[in-house]
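# Need a 3D model of the following:
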Amino acid sequence: VVRGRERDDVIEEVRAELAQIEVDTEDEGVVVKADTLGSLEAMANALKEAEIPILRAEVGDIAPRDVAVASTANEPINRVILGFNVDVLDQAERELGESGVKLFEDDVIYQLVEEYDEYVEEQQRAQQETVLDKIVRPCRFQILADHTFRQNDPAVVGVEVLSGTLKNNQRVVKWAGSEPKRVGELSGIQDQGDDVSSARAGKRVSVAIDGPTVGRQIEEGDELWIELPEKHAKVLEQELTDEIPADELEALQGYLDKHRKRDPFWGK
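You can find the predicted model right below:
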């Protein structure tokens, strides 16, 4: 509002004030809106300290164009608007619901940053869980003596899970020296007569294995492993070691060690 002053003088004054505020923006980041230039600068500093990139930072209420800008982010965690002490215009409110853009509002800067940080951690955790659901899990298990219930078509035997997670519909290998030999595929797991999809370390269960014959390809007392594709082993070792239990990590390391005796770079 000029209020009787020379318009050009006011414009120059605003330009000078804006020039004093330095907000580093990047090609990918969040949209920031604040009520004053001082607040905007404080927000920018707090986000920089928290290593949160900023795509656009402006003074004023949250408008439809802010939602449009935020929605262009490549990373879902950056499709976000952080609003400090501002209102949301009606049209922007409607577009938020349709665009998938997440809005965080607060009148305390550190809480706003904290809420966003928690959201990022939650999204990353959910993403890792999704990856884990799709990836083959490592497992070492042993056929128990005197626990052959059927020799073949499929072979049904009692086993003890020594380490890792035994899951149904996975390929089974038996190590012969430094070479893994595929012996079949798990087609069923039963725990005390009940069908289950998986069994953890320490469990004794009966399993059906399509392919082998007990007494030929497999024997009572044999140590068997779930076959890990090399790409899956690499992801587990390099990205998900903090997300799997210690015994599963032990099974992974044992599987990697066996492969790397033959090929030191396997799974790297």
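# Contacts for stretch 46-57, please.
23-34, 40, 43-44, 66, 69-70, 73, 78, 82, 109-110, 113, 116-117 (C-beta atoms under 8 Å, 6 or more residues apart in numbering). C-beta coordinates here come from the backbone N, C-alpha and C atoms, glycine included.
# give me every residue that touches Ile109.
Ile109 neighbours (C-beta under 8 Å, 6+ apart): Ser39, Ala42, Met43, Ala46, Phe84.
# Equivalent analysis for Asp263, please.
Applying C-beta under 8 Å, 6+ apart to Asp263 gives no contacts.
# same check, this time on the one 5 residues further on
Counting by C-beta under 8 Å, 6+ apart, Lys268 makes contact with Lys234.
# State the pLDDT value of it.
Per-residue confidence at Lys268 stands at 88 (pLDDT).
# on that earlier part again, take the contacts of Ile109 and keep only those in helices.
Those of these mapping onto helices are Ser39, Ala42, Met43, Ala46, per DSSP state H.
# What distance do you get for Lys134 to His232?
Distance, Lys134 to His232, by C-beta to C-beta, to the nearest Å: 9 Å.
# er, Asp106 I mean
Here Asp106 is placed at a distance of 41 Å from His232 (C-beta to C-beta).
# repeat for Val205
Look at Val205 and His232: by C-beta to C-beta, they are 23 Å apart.
# What of Gly100?
Gly100 is 30 Å from His232, by C-beta to C-beta.
# Could you check which of Asp106 and His232 is surrounded by more residues?
His232 (19 against 16; other C-beta atoms under 10 Å).
# Tell me the buried residues in the helix or strand encompassing the more buried one?
Assigned by DSSP states H and E, His232 belongs to helix 230-239. For helix 230-239, the neighbour count (16 or more other C-beta atoms under 10 Å) marks His232, Ala233, Val235, Leu236, Glu237 as buried.
# Take these and write them to TSV, including distance to Glu122 and pLDDT.
Formatted as TSV, the buried residues of helix 230-239 follow (distance: C-beta to C-beta, whole Å; pLDDT from 0 to 100):
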residue	distance to Glu122	pLDDT
His232	25	90
Ala233	27	89
Val235	21	87
Leu236	22	88
Glu237	25	90
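# With distance to Ile54 added, can I get those in a markdown table?
Listed next are the buried residues of helix 230-239 as a markdown table, based on distance: C-beta to C-beta, whole Å:
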| residue | distance to Ile54 |
| --- | --- |
| His232 | 37 |
| Ala233 | 38 |
| Val235 | 31 |
| Leu236 | 34 |
| Glu237 | 34 |
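# Can you say which two of these are spatially most distant?
Using C-beta to C-beta, those reach their maximum pairwise distance at His232 and Glu237, which is 9.7 Å.
# Low-confidence ranges, the stretch 101-250 of the chain, go.
Applying pLDDT under 70 to the stretch 101-250 of the chain picks out residues 129, 131.
# residue ranges for the strands of the stretch 151-268 of the chain, please.
Remark: strands assigned in the stretch 151-268 of the chain by DSSP state E, counting those that start in this stretch are 155-167, 171-176, 179-191, 194-196, 198-200, 204-210, 223-226.
# what's the fourth one packed up against?
When contacts are defined as 3 or more C-beta pairs under 8 Å, 6 or more residues apart in numbering; DSSP states H and E, strand 194-196 packs onto strand 179-191.
# again, only using 6 Å
For strand 194-196, there is no helix or strand it packs on, judged by 3 or more C-beta pairs under 6 Å, 6 or more residues apart in numbering; DSSP states H and E.
# chain center to that strand: distance?
Relative to its parent chain, strand 194-196 has a centroid offset of 29 Å by C-alpha atoms, centre = their mean, to the nearest Å.
# What pairs with that strand, parallel or antiparallel?
strand 179-191 (antiparallel) (DSSP bridges).
# What of the fifth one?
Note on strand 198-200: by DSSP bridges, its sheet partners are strand 155-167 (antiparallel).
# Equivalent analysis for the second one, please.
Using DSSP bridges, the strands paired with strand 171-176 in its sheet are strand 179-191 (antiparallel), strand 223-226 (antiparallel).
# how about Val2, secondary structure?
Secondary structure, DSSP: H, G, I helix; E, B strand; the rest coil: Val2 is coil.
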